[in-house]
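# got a predicted structure here, sequence first:
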Amino acid sequence: MRVATWNVNSITARLPRLLAWLESTGTDVLCIQETKTGEEGFPAAELRELGYESAVNATGRWNGVALVSRVGLEDVVKGLPGGPDYEGVQEPRAISATCGPLRLWSVYVPNGREVGHDHYGYKLSWFEALRAAVAADAAGQRPFAVLGDFNVAPTDADVWDPAVFEGQTHVTPAERAALTALCEAGLSDVMPRPLKYDHPFTYWDYRQLCFPKNRGMRIDLVYGNKPFTTAVKDSYVDREERKGKGASDHAPVVVDLEV
DNA sequence: ATGGCCGGGTTGCCCGGA
């Protein structure tokens, strides 16, 4: 079974590439982030034509997540139970469902903006709520994983130049401690293979030729429990999908499982 | 080849992204 996660940076703008990518890769379940459309604007009909069911948590121009599956989509939970508000709203940043033998989450963790910003505190609270919400499944026997844009680089090797990120969000000890807490709950980081260079990045800024210069970050992650990680046969970042006109600034992360 | 931001809405600029 092939599972993937991809921050598409607008599903409307990405639709032609998304449909072509699903067909060419034969992905069974895709976790999508940054739909940037409301649920009424989600292209469920186009996906259904390709044989995929959709579950969507989205409210408009910002954020928005989805699960797209051709191997079943049951027991959908929209949102992060117990999650914090930001400026009085529960932003659409999480959705979970059972897809065949797997229980999966698609998450878009808050960015944080700047260390000390209200959004940064919101990010840390959001992580704590996530840890609490997934604890039982993380410790369970069913293959389980949280996939998505975590907006944290787990180690200094996961950014192209650690000096550039000093004092910035995405690399602070508090954010990395939130990942450690997920590991203590029973999850571990499924490290993808790079298709080029020594280290896999998943995000490259659109500006300043970051992609050709490989100035990237690994912030799109797959955190699986033991039954999930033992079923993993391969994983890679599809950097080919970052190339050319009409690309998202994130590349898909693909995981192949034997379940 | 992979090439100097992009997407969407409150549009002909502004915000957010990381």
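Good, I have the coordinates. The structure displayed is predicted, hence computed values, not measured ones.
# rest of the way, CA atoms for contacts and neighbours
Will do.
# ok, now which ones touch the residue nearest to A:P227 when sequence neighbours are not counted?
Distances taken as Cα to Cα, 6 or more residues apart in numbering put A:P143 closest to A:P227, at 4.7 Å, once the chain neighbours are dropped. Contacts for A:P143 were tallied using Cα atoms under 8 Å, 6 or more residues apart in numbering; they are A:P101, A:L102, A:R103, A:G224, A:N225, A:K226, A:P227, A:F228, A:T229.
# quick one: which of the residues you listed is nearest A:D158?
Among these, A:G224 lies closest to A:D158 (Cα to Cα), at 18.7 Å.
# who does the closest one bridge with?
Here A:G224 shows beta-bridge partners A:A145, A:S188, assigned using DSSP bridges.
# number of nearby residues for it?
Counted with other Cα atoms under 10 Å, residues neighbouring A:G224 total 25.
# hey, where'd the strands end up in the stretch 51-200 of chain A?
Secondary structure of the stretch 51-200 of chain A, counting by DSSP state E, counting those that start in this stretch: strands at A:53-57, A:65-69, A:74-78, A:94-99, A:102-108, A:144-149, A:188-189.
# for those, which one sits closest to DNA strand B?
For the strands of the stretch 51-200 of chain A, proximity to DNA strand B was assessed by Cα to the nearest atom of the strand; strand A:144-149 is nearest, at 7.0 Å.
# tell me what that closest one is packed against?
For strand A:144-149, the packing partners by 3 or more Cα pairs under 8 Å, 6 or more residues apart in numbering; DSSP states H and E come out as strand A:2-7, strand A:29-33, strand A:102-108, helix A:118-138, strand A:220-224, helix A:226-231.
# near DNA strand B at all, stretch A:150-170?
Yes - using Cα under 7 Å from any atom of the strand, stretch A:150-170 reaches DNA strand B at A:N151, A:H170.
# rounded mean pLDDT for that stretch, please.
Averaged across stretch A:150-170, the pLDDT comes to 94.
# residues touching that stretch, excluding its own?
Identification of contacts with stretch A:150-170 by Cα under 8 Å, 6+ apart yields A:107-115, A:120, A:171, A:175-176, A:179, A:199-201, A:214-221.
# quick one: that stretch to chain centroid distance?
Offset of stretch A:150-170 from its chain centre (Cα atoms, centre = their mean, to the nearest Å): 17 Å.
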